[in-house]
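Colleague: Have a look at this prediction, sequence included:
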Amino acid sequence: MTGRIEADLSGEPPLVRLRGHDVPRPLWYELELLGDAERGRDGSITVQPVSFLQTARRFVDLLLDAGVAFEPSPAVRDLVGRSSRDDRAFAAALTRTDDAGVDLDLEDLLRSGPHEVIRDLRDFQIENLDTLAALAHGADFSVPGAGKTTVAYVLHALQKAGGAVDKLLVVSPLSAYGAWEEDAVEVLDPAPRVERMSGAAVPNADVVLVNYQRLPQSVPALASWASRHRVHLVLDEAHRAKRGVTGEWGRALMVLAPLMVRRDILTGTPAPNHPRDLVALLDFLWPSRRASARIPRAALAKDPPESAVRVVGEAISPFFVRTDKTRLGLPDARVQELPVPMGPLQAAVYEALRDRYAGSLDVDARDRATFARMGQVTMYLLQAASSPRLLRTGYDPGRAYRYPPLEVPAGSRLSTMIERYAEHEVPAKVEAVARIVGANAEEGRKTLVWSNFPDNLHDLREQLASLEPAMVHGGVPSLDEDSAPAGTTTREREIARFRHDGDCKVLLANPAALSEGVSLHRECHDAVYMDRTFNAGQYLQSLDRIHRLGLPQDVVTTATVLTSTGSIDESVNRRLEIKTKRLAAMLADHNLTRLALPDEDDGTVFLDDDRDLEELLAHLGRRP
């Protein structure tokens with residue numbers, strides 16, 4: 001050997017650091033090009049662990065060809081060892097047949113373990129466990145309401161009984177915390193101790209919950225914690241991280257991924273907008289193998305042919321399980337679109353706003369700035385179609401979006417119409433919601449009302465005051481947040497009031513605050529949607545708050561989508577139908593719910609892709 005390279009894992013978050021001794025200069029330069037490496041002042045090379053693993057084969061080949069020894073530290077040796085085991089498991093998964101599961105006997109497998117499964121599992125849940133237990137890392141793409149949290153807990157108990165893991169880290173939305181805390185008690189005995197990560201230190205618990213927003217700042221502490229434990233990482237509502245390394249959450253996850261003994265992802269909507277959404281999820285599961293290469297290239301095109309989309313599910317089938325809606329045995333939900341004609345003043349405001357933008361948009365521009373501006377225009381149109389009062393200037397801390405309020409020249413006709421709108425007219429959608437909720441309340445039924453705009457919820461709370469509405473939006477703190485002093489209103493307390501207070505007949509909800517992880521199917525069977533967006537990041541999630549496993553067969557679940565006639569609402573409906581069909585074809589489930597709520601991973605929640613932009617431009621160019 002003519003030289004040697006030492007490798008260690010250090011820093012917060014950890015990096016692989018390579019130090020060379022008597023390494024030929026050309027080889028050192030070539031190594032520096034591997035995996036986006038950076039050269040330090042001391043001459044060493046640092047690289048992200050996942051990048052190091054993805055280029056490890058090329059790295060080792062270069063060293064062997066040059067006669068240079070490789071001397072990894074124990075931490076790097078463990079990292080490489082896990083990666084090698086993943087390589088073998090990946091290859092085994094590709095050759096696994098449908099009947100090659102482990103034929104689970106839960107009682108036998110858990111007999112010597114720390115937990116007993118006390119919840120009765122459905123046949124499809126046992127089938128999914130059988131497949132997931134045979135995989136080193138897996139994905140559960142079952143529809144919302146199929147009990148993915150239950151399956152994840154039992155899978156973790158199996159892994160723990162076998163000595164593979166000793167801790168469970170769950171990354172999830174805040175709204176899903178309750179489900180993980182409740183199921184810990186209802187699924188396993190003794191119940192694992194669950195704690196939320198709220199500060200800089202990782203709690204000393206069996207199960208640690210961290211939300212997506214807190215994750216990036218928590219990476220150093222979690223990485224250090226993972227070095228001292230055998231951690232099983234579960235990514236709940238994993239579509240939140242579909243942007244991968246181009247998003248802050250995805251980058252954090254890719255730092256943590258190689259440090260985890262086992263990785264699982266849960267989402268009922270793995271590719272809500274496009275097959276490309278699967279890329280980040282697969283690469284998280286198998287970071288050293290680039291599992292996303294299994295997706296046919298034709299399916300990743302801007303507008304993939306349906307034939308390519310249909311084969312995606314088959315191409316990645318070795319790595320996921322899925323229970324579709326038909327397996328749940330639920331009575332069909334009744335989804336109905338209700339056209340709502342705008343009042344004369346609202347229609348005038350809408351047309352004035354539409355005229356304002358119709359000739360000012362560059363139909364050929366596709367840069368990020370233009371796309372963001374189009375998202376802003378989309379928001380204004382959705383507001384006008386819902387309630388022109390939303391267009392008034394003013395800052396609302398409860399907003400789930402990050403666009404500024406509409407700027408209108410003072411004294412202009414549009415400004416006057418907006419400012420004086422509330423003096424002359426009640427928005428047609430507000431009246432429609434009041435009628436529906438009131439009729440349900442007279443029959444003793446509770447109603448869940450959705451809107452992307454908190455001001456809509458505040459207006460409805462006044463209109464429906466006699467029904468003692470509960471309300472959840474971004475301005476209502478969660479118990480996980482420092483802004484929730486004792487005795488104040490919180491999301492959890494409002495949800496509990498809706499569930500248990502017979503006088504509270506309506507829950508007014510913003511999707512960014514209450515779109516995932518909350519089960520209301522025992523208390524509520526009626527939902528109304530004041531507005532929807534083009535973004536399908538939380539597609540299917542909304543209706544499944546009240547249409548999920550455990551629903552009695554004689555219960556009818558009704559969802560009413562309000563559509564302002566002649567408005568952008570109709571364009572949104574067309575795009576969401578296309579996206580739903582694409583997802584249905586991909587995962588062979590033709591009973592998908594045709595409803596969408598926005599994803600809060602990105603501030604531009606009102607416009608999702610180029611096809612949505614084209615639909616917007618077409619709407620601005622149309623006239624009645």
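Modeller: On my side now, so go ahead.
Colleague: Which pLDDT value belongs to residue 364?
Modeller: Here the pLDDT value assigned to residue 364 is 59.
Colleague: Show me the domain layout of this protein.
Modeller: Domain ranges of the chain: 3-72, 84-323, 330-624, per automatic domain parsing.
Colleague: Show me the residue at the heart of this protein, geometrically.
Modeller: Closest to where the C-alpha atoms of the chain average out (CA atoms, centre = their mean) is residue 240, at 2.8 Å.
Colleague: Residue 170: helix or strand, and which one exactly?
Modeller: Assigned by DSSP states H and E, residue 170 falls within strand 167-172.
Colleague: Packing partners of that strand?
Modeller: Contacts defined by 3 or more CB pairs under 8 Å, 6 or more residues apart in numbering; DSSP states H and E place strand 167-172 against strand 207-211, helix 215-228, strand 231-236. C-beta here means a position set from N, CA and C on the backbone, and glycine is covered the same way.
Colleague: switch to 10 Å and redo it
Modeller: Where contact means 3 or more CB pairs under 10 Å, 6 or more residues apart in numbering; DSSP states H and E, strand 167-172 is packed against helix 148-161, helix 177-187, strand 194-196, strand 207-211, helix 215-228, strand 231-236, helix 248-256, strand 262-266.
Colleague: So which of these is nearest residue 49?
Modeller: helix 248-256 (7.2 Å; CB to CB).
Colleague: what's the angle from that closest one to strand 231-236?
Modeller: Computed by axes from the mean of the first three to the mean of the last three CA atoms, to 10 degrees, the angle separating helix 248-256 from strand 231-236 equals 160 degrees.
Colleague: Helix 248-256 - contacts with which helices or strands?
Modeller: Against helix 248-256 (3+ CB pairs under 10 Å, 6+ apart) you get helix 49-54, strand 167-172, helix 215-228, strand 231-236, strand 262-266, helix 277-285.
Colleague: and the angle from that helix to helix 215-228?
Modeller: Using the same axes, to 10 degrees: helix 248-256 against helix 215-228 is 10 degrees.
Colleague: host element of residue 18?
Modeller: Here residue 18 sits within strand 15-21, counting by DSSP H and E.
Colleague: residues of that strand that come out buried?
Modeller: 15, 16, 17, 18, 19, 20 (16 or more other CB atoms under 10 Å).
Colleague: Just put the residues you listed in JSON lines and tack on pLDDT.
Modeller: Shown next, in JSON lines, are the buried residues of strand 15-21 (pLDDT from 0 to 100):
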{"residue": "15", "pLDDT": "91"}
{"residue": "16", "pLDDT": "92"}
{"residue": "17", "pLDDT": "93"}
{"residue": "18", "pLDDT": "92"}
{"residue": "19", "pLDDT": "92"}
{"residue": "20", "pLDDT": "89"}
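Colleague: Going by distance to residue 312, which of these wins?
Modeller: When these are compared for distance to residue 312 (CB to CB), residue 16 wins out at 32.9 Å.
Colleague: Please give me every residue in contact with the closest residue to the closest one other than its chain neighbours.
Modeller: The spatial neighbour of residue 16 that comes closest, neighbours along the chain excluded (CB to CB, 6 or more residues apart in numbering), is residue 52 at 4.4 Å. Residues near residue 52 by CB atoms under 10 Å, 6 or more residues apart in numbering: 7, 9, 15-16, 18, 34-35, 37, 45-46, 59, 76, 79-80, 83, 258, 288.
Colleague: So which of the residues you listed belong to strands?
Modeller: Within those, membership in strands is found for 7, 9, 15, 16, 18, 45, 46, as judged by DSSP state E.
Colleague: and the helix or strand hosting residue 498, how far out from the chain's middle?
Modeller: Element membership for residue 498, per DSSP H and E: helix 491-500. A distance of 23 Å separates the C-alpha centroid of helix 491-500 from that of its chain, computed with CA atoms, centre = their mean, to the nearest Å.
Colleague: Check stretch 338-353 too.
Modeller: Its chain's C-alpha centre and that of stretch 338-353 lie 33 Å apart, by CA atoms, centre = their mean.
Colleague: shouldn't residue 88 be in contact with residue 94?
Modeller: No - checked against CB atoms under 10 Å, the pair residue 88 and residue 94 is beyond contact range at 11.1 Å.
Colleague: Output the helix ranked longest in the chain as CSV, nothing but the C-alphas.
Modeller: Across the chain, the longest stretch assigned as helix under DSSP state H is helix 74-95. C-alpha atoms of helix 74-95 as CSV (Å, rounded to 0.1, in the frame of the first residue of the first chain):
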residue,chain,number,x,y,z
PRO,A,74,-15.9,2.2,14.5
ALA,A,75,-18.8,4.6,13.7
VAL,A,76,-18.0,4.7,10.0
ARG,A,77,-17.6,0.9,10.1
ASP,A,78,-21.1,0.6,11.6
LEU,A,79,-22.4,3.0,9.0
VAL,A,80,-20.9,1.0,6.1
GLY,A,81,-22.1,-2.3,7.7
ARG,A,82,-25.7,-1.1,7.9
SER,A,83,-25.4,0.0,4.3
SER,A,84,-24.1,-3.4,3.2
ARG,A,85,-26.9,-5.1,5.0
ASP,A,86,-29.4,-2.8,3.3
ASP,A,87,-27.8,-3.7,-0.1
ARG,A,88,-28.4,-7.4,0.5
ALA,A,89,-31.9,-6.7,1.9
PHE,A,90,-32.7,-4.6,-1.2
ALA,A,91,-31.7,-7.4,-3.5
ALA,A,92,-33.7,-9.9,-1.5
ALA,A,93,-36.8,-7.7,-1.7
LEU,A,94,-36.6,-7.7,-5.5
THR,A,95,-36.6,-11.5,-5.7
